[in-house]
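Enquirer: Okay, sequence plus prediction incoming.
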Amino acid sequence: MKNLFRLGFRFVAFASVLMAAFSTSAFAQEAAETVAPQEQTMLDKWIIAGGWTMIPIMLVEAFIIFLVIYNMVALKKEKFCPEDLKVTLLQLMAECRIRSAIEVAAGSPTYLGRLVAYALPNVDATRPEDLGKDAIEDAVADFTANESRSVFKWINMLALCAQISPMLGLFGTVQGMVGAFGTLATAGQADPTQLAGDISVALLTTFWGLINAIIATPFFFFQKGIANAQIAECVGTVQEMVNTSINVVNAEAQLARIPEGLA
């Protein structure tokens, strides 16, 4: 996980250096164009032409890519409710070996392991009818509420990027259009071709801001749904474990209430 963080931050740092180089290249190109016009490349036309406001927009895009990859790794089933741990804990609870189940869970860094290690110590052996199920459910609710902040922290960052990207794009567009009309007012005459070109360049930032939002928004809802499903499976597993032990403890009493025959 730490290596993934380092990789992501290095990627963002590299993107910032790259965008700084692009901006320097743009300024150098503007100076060169005053001497001799040059043919624009795709990079010049679609990114560098947007001006310095493309730097934060591209940084946000790099951060979105990092968040998507990081969340995909962090939301794997093996980190929440691995099947082997689930089967082992259910088997131990079916044998009413609650202490062993706590020890096995405490040795697992997964979400289910930490949840079981936090909730099962609330089992009340003096209440064989429900094993203190209410206290266990309260512990489960406390754990999920506390852990949700860390689980959804990086997922919510996608929503933040989706909201701020169009604002950055609109800011760049407004700034570009103000500059274009300011130049027009200084010149004192209108050149429709140049004005249309200036406006199209100004709209580049809005274009890329919307691209960022279009990428970040679906991934936010998709990964949020995965996180909720993983948490729900872990909570359901704990409930199944407790119900299994309750049924085993009260098996004879349950059979005693079932009539042998109705005739």
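Expert: Perfect, thanks for sending it.
Enquirer: what residue ranges in the stretch 151-263 of the chain score low on pLDDT?
Expert: 179-201, 252-263 (pLDDT under 70).
Enquirer: Break down the stretch 51-200 of the chain into its strands, ranges please.
Expert: Using DSSP state E, counting those that start in this stretch, no strands are assigned anywhere in the stretch 51-200 of the chain.
Enquirer: Mind naming the longest helix for the protein?
Expert: Longest helix in the chain by number of residues (criterion: DSSP state H): helix 192-249.
Enquirer: OK, contacts around the residue lying closest to Ala105 once chain neighbours are set aside?
Expert: Leaving aside its sequence neighbours, Ala105 sits nearest to Val116 (CB to CB, 6 or more residues apart in numbering; 3.6 Å). In short, each C-beta sits where N, CA and C put it, glycine included. Val116 sits next to Leu89, Ala101, Ile102, Ala105, Val238, Met241 when contact means CB atoms under 8 Å, 6 or more residues apart in numbering.
Enquirer: switch the cut-off to 10 Å
Expert: 85-86, 89, 92-93, 98, 101-102, 104-106, 108, 110, 140, 143, 234, 237-238, 241 (CB atoms under 10 Å, 6 or more residues apart in numbering).
Enquirer: Distance of it relative to Phe171?
Expert: Going from Val116 to Phe171 by CB to CB, to the nearest Å gives 49 Å.
Enquirer: And Ser245, by the same measure?
Expert: Ser245 is 59 Å from Phe171, by CB to CB.
Enquirer: Just want to know which of those two has more residues nearby.
Expert: Ser245 (23 against 16; other CB atoms under 10 Å).
Enquirer: burial measure for the residue lying closest to the more buried one once chain neighbours are set aside, as a count.
Expert: Once flanking residues are discounted, Ser245 sits nearest to Met93: 4.8 Å by CB to CB, 6+ apart. Other residues near Met93 come to 25 when the count uses other CB under 10 Å.
Enquirer: My read is that Met93 contacts Val248, right?
Expert: Yes - between Met93 and Val248 there is a contact under CB atoms under 10 Å: 8.2 Å.
Enquirer: residues contacting Leu210?
Expert: Leu210 makes contact with Ser165, Pro166, Gly169, Leu170 under the criterion CB under 10 Å, 6+ apart.
Enquirer: Tell me which residues touch the first one, please.
Expert: By that I understand Ser165. With CB under 10 Å, 6+ apart, Ser165 has these contacts: 56-57, 60-61, 64, 205-206, 208-217.
Enquirer: for the second one, same thing?
Expert: Under the criterion of CB under 10 Å, 6+ apart, the contact partners of Pro166 comprise Ile57, Thr205, Thr206, Trp208, Gly209, Leu210, Ile211, Asn212, Ala213, Ile214.
Enquirer: The first one: neighbour count?
Expert: This points to Ile57. 27.
Enquirer: Tell me where the stretch 51-200 of the chain has helices.
Expert: 54-74, 77-80, 83-94, 98-106, 111-119, 133-187, 192-249 (DSSP state H, counting those that start in this stretch).
Enquirer: Next one: the residue nearest to Ser245, what pLDDT does it get?
Expert: Looking at Met93, its pLDDT reads 94.
Enquirer: mind listing what it touches?
Expert: Met93 touches 100-101, 116, 120, 123, 237-238, 240-246, 248, counting by CB under 10 Å, 6+ apart.
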